[in-house]
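> Next comes the sequence, and after it the predicted model I'd like to discuss.
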Amino acid sequence: MIESEEFQYFWDAEGYVMSNFQWIWQYVKSNRKKLWVALVFFIISTALILVNPYVMGQIVDRVIDGNQGSLLVPLLLLMIGVTVLRTITRYIYQILFEQTGQNALFDLREDMYRKLQELDFDFFNHTRVGDIMTRMTGDTDAIRHFISWVSYQVLECLFYFIVSIIVMMSISWQLTLALVAVTPLIFILTQQMARAQHPVFFQIRQSFSRLNSMVEENISGNRVVKAFVREDFEIKKFNEHNEDYKQKNMAAANVSKAYLPWQDGTANSLSVITLVFGGYLVIKGQMTLGDLVVFNGYLWMLNQPMRMSGWLINDVERFAASCVKIRQMLAAKPSIEVRLDQKPLRVQGKVVFDHVSFHFSDDPEHNVLSDITFTAEPGETVGIIGETGAGKTTLVNMIGRFYDPTSGKVTIDDKNASDYPIRRLRDNIAMVMQDVFLFSNTISDNIAFGRPDMDTVYVQSVARIADADNFIMRMPNGYDTIVGERGVGLSGGQKQRISLARALAKDPSILILDDTTSAVDMETETKIQHELAGLTTKRTTFIIANRISSVRDANLILLMEKGRVVESGTHDELMALKGKYYEVFQKQLGLEKGEQLGTAE
Ligand SMILES: Nc1ncnc2c1ncn2[C@@H]1O[C@H](COP(=O)(O)OP(=O)(O)OP(=O)(O)O)[C@@H](O)[C@H]1O
């Protein structure tokens with residue numbers, strides 16, 4: 001794992017491409033030994049390339065011209081031996097580069113995943129899941145490809161280029177200079193192509209991320225799509241993104257198409273120059289035919305880097321675009337600092353809101369919470385009711401520091417919540433969220449999520465309190481039943497009860513129930529309330545509910561409206577006030593009587 005400060009240094013380093021290389025070196029350097037070995041094999045392999053053209057020259061000069069027929073077989077055997085050895089050495093260094101790429105990628109993915117755990121609601125509110133998935137998959141693969149393939153291809157090309165010039169110079173400096181004269185053209189073309197491709201690869205990268213996000217949303221929301229019969233609309237939307245992605249790739253291909261034929265043509269011109277000018281030198285007696293054959297044998301070594309440069313630039317640009325996206329994510333700072341304090345911490349559960357106000361960073365004009373003040377002593381129950389969007393969830397999110405107040409403070413056991421290490425504080429808090437999320441795992445593992453060490457008996461006991469034991473036992477595999485992604489295969493009420501069991505299993509000092517029993521019937525709610533009553537004396541409990549019946553026994557009830565607490569007190573106090581709470585109560589009572597139903601309003 002790389003420390004973020006070190007990473008930040010490289011992020012700030014000047015020189016865009018260089019800084020990407022320096023950054024990725026942080027992940028590669030632990031494979032230094034492997035790379036040294038790879039380099040040795042690389043040198044042996046590339047040095048062997050020089051042998052065969054030389055041997056061919058010998059065959060022409062000594063076997064054909066010099067009539068030394070007995071040398072033919074040994075020379076051919078030498079060529080075969082060199083080819084086999086070169087294949088083996090090349091295979092070894094290719095494998096070593098691949099291993100280095102895979103190892104570096106393993107560490108990089110781990111860092112990215114750790115970062116994702118560190119980032120807070122603020123980041124996830126603003127980043128699409130598809131975009132994160134693209135970074136975790138496509139972008140990391142572009143980096144692996146760079147380390148495992150592009151890096152040694154670049155090395156090979158450089159080596160071929162330098163060595164071929166040296167060797168060719170030693171054969172015929174006139175012919176070599178004639179060939180080298182065209183190389184500046186190749187470099188100019190390569191540079192121009194890189195410049196043209198740079199923005200296009202960023203656009204491809206973004207288009208791919210949009211496409212991914214769209215697919216991810218479609219899969220997550222497939223029930224909504226089907227229920228609203230919007231399949232055709234979704235296909236049309238997908239096709240638009242698909243078309244955009246295709247167009248962006250075509251744009252990149254067009255850039256390549258515009259430059260690659262010129263590069264190819266220039267590379268091909270080397271053969272023509274060799275034949276024409278080399279032939280002339282042979283006729284003039286300034287070069288032997290054997291030398292020309294040797295020279296021609298080395299020609300591909302000069303040709304290869306010229307042909308490859310365009311493709312390698314493609315890959316380097318892809319690598320650069322992916323680096324930027326990954327590094328942006330790794331550089332993102334959670335708005336609430338995560339201190340890695342290992343000391344366990346147990347709070348009593350006294351929660352005080354002291355003139356707390358809050359607004360989201362992207363909407364500073366709109367206070368979602370305004371001047372909230374109340375005290376909950378350890379073991380007390382606070383009920384929170386209010387219209388939708390009143391700020392109830394945001395209020396309880398302050399307790400676990402999912403957001404910090406923009407003014408005022410929240411204290412826990414008389415200490416400012418922001419002075420607690422966030423993870424140790426959250427060890428003491430369990431939340432049953434409005435939007436229940438279950439992992440695609442066994443029910444038992446879902447319940448034990450907060451405390452994986454707990455035994456089956458304990459899992460069952462908390463499931464009983466949450467009134468989940470009965471329906472779990474009726475399932476074919478009981479607690480070992482695997483639930484689908486997000487708990488597919490369970491009813492809304494069943495999911496809520498498993499989620500409640502998961503929270504209770506943590507044995508928290510502070511329990512937060514956000515609309516936890518909205519999907520269960522009145523009878524089940526009463527049963528759960530009854531079971532909870534035996535427990536809540538041990539912990540401070542916050543209950544967000546729509547039904548007054550869920551909160552009427554609370555020590556303190558907060559009635560919220562537009563981010564403010566407009567009435568607060570016990571049920572009896574609030575009823576005596578004959579204010580808004582009284583009105584809601586009367587309304588709900590009327591609905592209950594009239595409809596004989598647990599009302600949701
Ligand atoms: N991530 C966010 N960015 C900006 N505004 C937000 C965000 N989340 C919630 N809000 C706004 O904050 C306000 C309070 O939302 P909150 O979820 O706390 O309400 P609530 O009382 O829990 O509502 P409900 O009963 O519907 O769950 C709403 O006006 C909502 O639009």
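Happy to help now that I have it.
> what does the chain have sitting close to the ligand?
Contact residues (C-beta under 6 Å from any ligand atom) of the chain with the ligand: 125, 360, 363, 368, 386, 388-394, 434. The C-beta positions use only the backbone N, C-alpha and C, and glycine is treated the same way.
> out of those residues, which are inside strands?
residue 386 (DSSP state E).
> quick check, nearest of the residues of the chain next to the ligand to residue 322?
Taking C-beta to C-beta as the measure, residue 322 sits nearest to residue 125 out of the residues of the chain next to the ligand, at 24.1 Å.
> Can you identify each of the strands in the stretch 401-550 of the chain by residue range?
With DSSP state E, counting those that start in this stretch as the criterion, the stretch 401-550 of the chain has strands at 407-412, 415-416, 429-432, 510-514, 540-544.
> Give me the buried subset of the residues of the chain next to the ligand.
Under a neighbour-count criterion of 16 or more other C-beta atoms under 10 Å, the subset of those counted as buried comprises 368, 386, 390, 391, 392, 393, 394.
> Next, count neighbours for residue 583.
Residues lying near residue 583 (other C-beta atoms under 10 Å) number 10.
> Same check on the one 4 residues further on?
Applying other C-beta under 10 Å, we find 13 other residues in the vicinity of residue 587.
> Check residue 42 too.
The local packing of residue 42 (other C-beta under 10 Å) involves 22 other residues.
> Now the element after the helix or strand bottoming out on mean pLDDT in the chain, going C-ward?
When each helix and strand of the chain is scored by mean pLDDT, DSSP states H and E, helix 4-12 comes last, with a mean of 38. Counting by DSSP states H and E, the next helix or strand C-terminal to helix 4-12 is helix 16-28.
> and the residues of the chain next to the ligand as a markdown table, adding distance to residue 456 and pLDDT?
Compiled in a markdown table, those are given as follows (distance: C-beta to C-beta, whole Å; pLDDT from 0 to 100):
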| residue | distance to residue 456 | pLDDT |
| --- | --- | --- |
| 125 | 38 | 83 |
| 360 | 42 | 90 |
| 363 | 47 | 83 |
| 368 | 42 | 94 |
| 386 | 40 | 91 |
| 388 | 39 | 88 |
| 389 | 41 | 89 |
| 390 | 41 | 92 |
| 391 | 40 | 93 |
| 392 | 35 | 94 |
| 393 | 33 | 93 |
| 394 | 37 | 94 |
| 434 | 29 | 80 |
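> shaky segments in this protein?
Per-residue confidence for the chain (pLDDT under 70) gives these ranges: 1-18, 341, 485-488, 517-520, 533-537, 590-601.
> at 50 what do you get?
Per-residue confidence of the chain (counting by pLDDT under 50) places the weak regions at 1-17, 597-601.
> Closest to the mean position in it, which residue would that be?
Closest residue to the average C-alpha location of the chain: residue 136 at 3.5 Å, with C-alpha atoms, centre = their mean.
> who's in contact with the closest residue to it other than its chain neighbours?
Setting aside the residues directly before and after it, residue 136 is nearest to residue 112 in space (C-beta to C-beta, 6 or more residues apart in numbering), at 6.1 Å. With contact set as C-beta atoms under 8 Å, 6 or more residues apart in numbering, residue 112 has these partners: 135, 136, 140, 326, 329, 330.
> Mind picking the two most distant members of the buried ones among the residues of the chain next to the ligand?
Largest separation among those by C-beta to C-beta: 368 and 386, giving 12.4 Å.
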